[in-house]
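In: any chance you could fold what I've pasted below:
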Amino acid sequence: MTTLIAGDDVYAIAEELFTAMVDGESGTVSQWFGDVPAWQVPVVAWVDLHGGWAGRASVTTERATADDLARALLQMGADEPVLEEDLHDAFGEVANVVGGNVKALLPTQGTLGLPQVADHDPGLPGSVLVTEVVLDWRGRPLVLRVRGAA
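Out: Okay, the predicted model is just below:
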């Protein structure tokens, strides 16, 4: 069951998300080439999927990138400070959209948990990595992962 979600599908979800919600134009994300730098100040957002297929969709990046993503989603100025609440709302919504689209790919529809945002990935005990996609957005990496119950 875990092979239902392909990296190409997650990449397509990300392209649509950034086109429709973040940048308003296509072609703003691409595949990241090379190693992902070690996170200095990471931010992780995730949603859990429940039902016939259980798992988690998550997005990880640097805090500065998450702040810029929040500014874009909330239509804030480039120098406007991002409050913690705004970061959680915006970055959590990115994970929520990814998770909702992953759920739509499944043969049976379940439910999504509420988006969570933290400075580390708490893991999902008993799960396996289904797919990982590393995006390049404005020259900075974002890692999208889908984990499924083993």
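In: residue closest to the middle of this structure?
Out: In the chain, the residue lying closest to the centroid (Cα atoms, centre = their mean) is residue 59, at 3.0 Å.
In: that one: what secondary structure?
Out: strand (DSSP: H, G, I helix; E, B strand; the rest coil).
In: could you measure it against residue 52, distance?
Out: To residue 52, residue 59 is 24 Å away according to Cβ to Cβ, to the nearest Å. For every residue, glycine as well, the C-beta is placed using N, CA and C.
In: how about residue 109?
Out: When residue 109 is compared with residue 52 (using Cβ to Cβ), they lie 8 Å apart.
In: again, but for residue 38
Out: From residue 38 to residue 52 the distance is 37 Å (Cβ to Cβ).
In: compare those two (neighbour count), which wins?
Out: Comparing residue 38 with residue 52 by other Cβ atoms under 10 Å, the one with more neighbours is residue 52, at 11 against 6.
In: the more buried one contacts residue 108, doesn't it?
Out: Yes: taking contacts as Cβ atoms under 8 Å, residue 52 lies within contact range of residue 108: 3.7 Å.
In: what residues does stretch 136-144 touch?
Out: With contacts defined as Cβ atoms under 8 Å, 6 or more residues apart in numbering, stretch 136-144 is touched by 10, 14, 18, 22, 28-33, 36-37, 57-62, 64-65, 68-69, 98, 132-135.
In: and those residues, which of them are in helices?
Out: 10, 14, 64, 65, 68, 69, 98 (DSSP state H).
In: if I look at the closest residue to the first one other than its chain neighbours, how far off is residue 96?
Out: What it means is residue 10. Among residues not flanking residue 10 along the chain, residue 133 sits closest, at 4.7 Å (Cβ to Cβ, 6 or more residues apart in numbering). Relative to residue 96, residue 133 is positioned 17 Å away (Cβ to Cβ).
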